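Undergrad: my questions concern the predicted model and sequence given below.
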Amino acid sequence: MHATDAGIIRTTIRERYARTARGAVPGDGTAGGSTASGSSAGGSKAGCCESGCCGSTDPAQARDLALKVGYTPKELQDMPEGANMGLGCGNPQAIAALRPGETVVDLGSGGGFDCFLAARQVGDAGHVIGVDMTPEMVEKARRNARSIGCANVSFRLGEIEHLPVADGEADVVISNCVVNLSTDKARVFREAFRVLRPGGRIAMTDIVALADMPGDIRRDVRLHAECVAGAETVGRLEAMLADAGFAGACVRPSPGSAEKLAAMFPNVDLKGLVASAVIEAVKR
């Protein structure tokens, strides 16, 4: 399916993410794809890659995917069942350097996995706000929070281009493989800047483009929902961050990730076109 309409892309992503929240098989390309899934044949329960993004309904495979993108065994302990869906492309916790008492906002919080990890680090004096545009996923995350009695986390329904968060409420904005899905990334960064206090920071992992995206890939809605077609170049992302007001904007592709992502899509001529990356910047 090809389209350039932002509304069609947003609806496609929301529908796929809702199916994931309901426990449909990720990555089957028809009825069970996840927000960040890759194509896989036969509706396998396994993720379709070794670099995350694909997800899995099998807890053991979701755990394996999370370990491969940088989470530690200790981080994966005592997570609510289903919180980790193996959908990330990195570990924002590894670069966020969260401190006790901080307020954290997670863009595209899904089942709450990164929120629960952040909640451990900020402690009872801190708070974590997860924002997701899919009602089914917000409800799933709330159930997960109740199941472990996690009181310093809340989940809000909303779009990352229009954050339901007050001005200057947050110390840190994190995200894992979500910003690439937005059709207005400049607005996402402006919103992140708005909700951060002076001195606040962003610590994200995401898919980025290493070169200009060919038009046929860019217009493919399915590839947009699978975290490929919406990826933006490193230079443009850094420019958007600077335009939003951030200082020290830095987007660093992860070595070896382009090859893994290309292997995920054997029928798409990616040739190292996209990679996973860390995104950092500070609000002075």
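TA: Ah, there it is.

Undergrad: check which element follows the longest helix belonging to the chain along the chain.
TA: Here the longest helix in the chain is taken by residue count, with DSSP state H as the criterion, and it is helix 6-21. Going down the chain from helix 6-21, the next helix or strand is helix 59-68, by DSSP states H and E.

Undergrad: please state the offset of that following helix from the chain centre?
TA: Centre-to-centre, helix 59-68 and its host chain are 16 Å apart (CA atoms, centre = their mean, to the nearest Å).

Undergrad: what is that helix packed up against?
TA: helix 73-76 (3 or more CB pairs under 8 Å, 6 or more residues apart in numbering; DSSP states H and E). Bear in mind the C-beta positions are built from the backbone N, C-alpha and C, glycine included.

Undergrad: okay, buried residues for the helix it packs on please.
TA: Of the residues in helix 73-76, those with enough neighbours to count as buried (16 or more other CB atoms under 10 Å) are 75, 76.

Undergrad: what about that helix, average pLDDT?
TA: Confidence for helix 73-76, expressed as mean pLDDT, is 90.

Undergrad: please save the CA atoms from it in PDB.
TA: Only the C-alpha atoms of helix 73-76 are listed here, as PDB (Å, rounded to 0.1, in the frame of the first residue of the first chain):
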ATOM      1  CA  PRO A  73      19.300  -9.900  32.500                       C
ATOM      2  CA  LYS A  74      19.000  -7.900  35.700                       C
ATOM      3  CA  GLU A  75      16.700  -5.300  33.900                       C
ATOM      4  CA  LEU A  76      14.500  -8.100  32.700                       C
END
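
Undergrad: now name the helix or strand holding residue 154.
TA: For residue 154, the secondary-structure element it belongs to, assigned by DSSP H and E, is strand 153-157.

Undergrad: and residue 121, what is it in contact with?
TA: By CB atoms under 8 Å, 6 or more residues apart in numbering, the contact list for residue 121 reads 93, 96, 98, 99, 100.

Undergrad: let me know the secondary structure of residue 104.
TA: strand (DSSP: H, G, I helix; E, B strand; the rest coil).

Undergrad: find the helix or strand that residue 238 is a member of.
TA: Assigning secondary structure by DSSP H and E places residue 238 in helix 234-244.

Undergrad: who are the packing partners of the helix or strand that that helix is followed by?
TA: If you walk from helix 234-244 toward the C-terminus, the next helix or strand you reach (DSSP H and E) is strand 247-253. Where contact means 3+ CB pairs under 8 Å, 6+ apart, strand 247-253 is packed against helix 234-244, strand 274-282.

Undergrad: and among these, the most buried is which?
TA: Counting by mean count of other CB atoms under 10 Å, strand 274-282 has the highest mean neighbour count of the helices and strands packed on strand 247-253, with a mean of 24.

Undergrad: partner strands of that strand and their direction?
TA: Strand partners for strand 274-282, identified by DSSP bridges, are recorded as strand 196-209 (antiparallel), strand 247-253 (antiparallel).

Undergrad: pLDDT on the following helix or strand past the longest one, on average?
TA: Toward the C-terminal end, the helix or strand that comes next after strand 196-209 (DSSP H and E) is helix 215-218. Mean per-residue pLDDT for helix 215-218: 92.

Undergrad: of all the residues in helix 215-218, which ones are buried?
TA: Result for helix 215-218 [16+ other CB under 10 Å]: buried residues 217, 218.

Undergrad: let's test this: mean pLDDT of stretch 235-242, rounded?
TA: For stretch 235-242, the per-residue pLDDT values average out at 98.

Undergrad: and that stretch, how far from the chain's centre?
TA: For stretch 235-242, the distance to the chain centre is 18 Å (CA atoms, centre = their mean).
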